[in-house]
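**Student:** coords please:
(2 chains)
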Amino acid sequence: AQKITQTQPGMFVQEKEAVTLDCTYDTSDPSYGLFWYKQPSSGEMIFLIYQGSYDQQNATEGRYSLNFQKARKSANLVISASQLGDSAMYFCAMREGRYSSASKIIFGSGTRLSIRP
Amino acid sequence: EAQVTQNPRYLITVTGKKLTVTCSQNMNHEYMSWYRQDPGLGLRQIYYSMNVEVTDKGDVPEGYKVSRKEKRNFPLILESPSPNQTSLYFCASSSTSAGGPGETQYFGPGTRLLVL
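**Tutor:** Below you'll find the predicted structure:
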């Protein structure tokens, strides 16, 4: 069964520092996609970054990068130069069967990131 | 503007009174999904739909029904709500073509449900 684990319930980071949010996953499917979402206190879910299991390079989107270590089944989110507006809940998610016609999507329990000024 | 809309945004109801939460998307997406979010548990998928008339159970389908009669709409039905269905509900949609970042899900604003 597929599973997503986020082991850090909460983190405090000083503004302008880089931060790494951990995510490990478990799947037997060789084809899958990994996502990170941000949920600010207002409640909306904001897509940040995507990594496909066959992608050769780590995904990057502005200040966000995904440290994809396939053999370790980890997909950590790295935020460079953190800002006060980065304070939010962050969720890692996985979709198995990337090109299949039917697949579930599962989420981790989330990490609450707080940026200190 | 590309968006997923949900109604109502807030709902207080009583045990056993049937309710429907509507979800609509204007992006012609094939894949639509319902999640519930509870503290410490993240988001858990209730049901998903790959296209019109094609639905399947997620991880927590008990007590919920869905239908997909039109591509843009994917209502969530609680036939007999119970207090343990008090939660924050999200609808989401995505394209299923080609995979990759294009398959990322767009989320609705959420519906806060309280069942007394």
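**Student:** Look up the residues forming beta bridges with B:Thr34.
**Tutor:** Careful, residue B:34 is Trp and not Thr. On the basis of DSSP bridges, B:Trp34 is bridged to B:Tyr47, B:Cys91.
**Student:** pLDDT averaged over the helix or strand containing A:Ile115 - what is it?
**Tutor:** Per DSSP states H and E, A:Ile115 falls inside strand A:111-116. In this model, strand A:111-116 has an average pLDDT of 96.
**Student:** now do stretch A:26-42
**Tutor:** On average, stretch A:26-42 scores 90.
**Student:** ok, back up a step: which residues touch the strand holding A:Ile115?
**Tutor:** Strand A:111-116 is contacted by residues A:6, A:8-15, A:19, A:21-22, A:79, A:82-90 when judged by C-beta atoms under 8 Å, 6 or more residues apart in numbering or on different chains. For glycine as for every other residue, the C-beta is placed from the backbone atoms N, C-alpha and C.
**Student:** And these, which of them are buried?
**Tutor:** In the contacts of strand A:111-116, burial by neighbour count holds for A:6, A:13, A:19, A:21-22, A:79, A:82, A:86-90, counting by 16 or more other C-beta atoms under 10 Å in any protein chain shown.
**Student:** Could you list which of the residues you listed belong to helices?
**Tutor:** Residues of these located in helices (DSSP state H): none.
**Student:** now, which of those residues lie close to chain B?
**Tutor:** A:Gln6 (C-beta under 8 Å from any C-beta of the partner chain).
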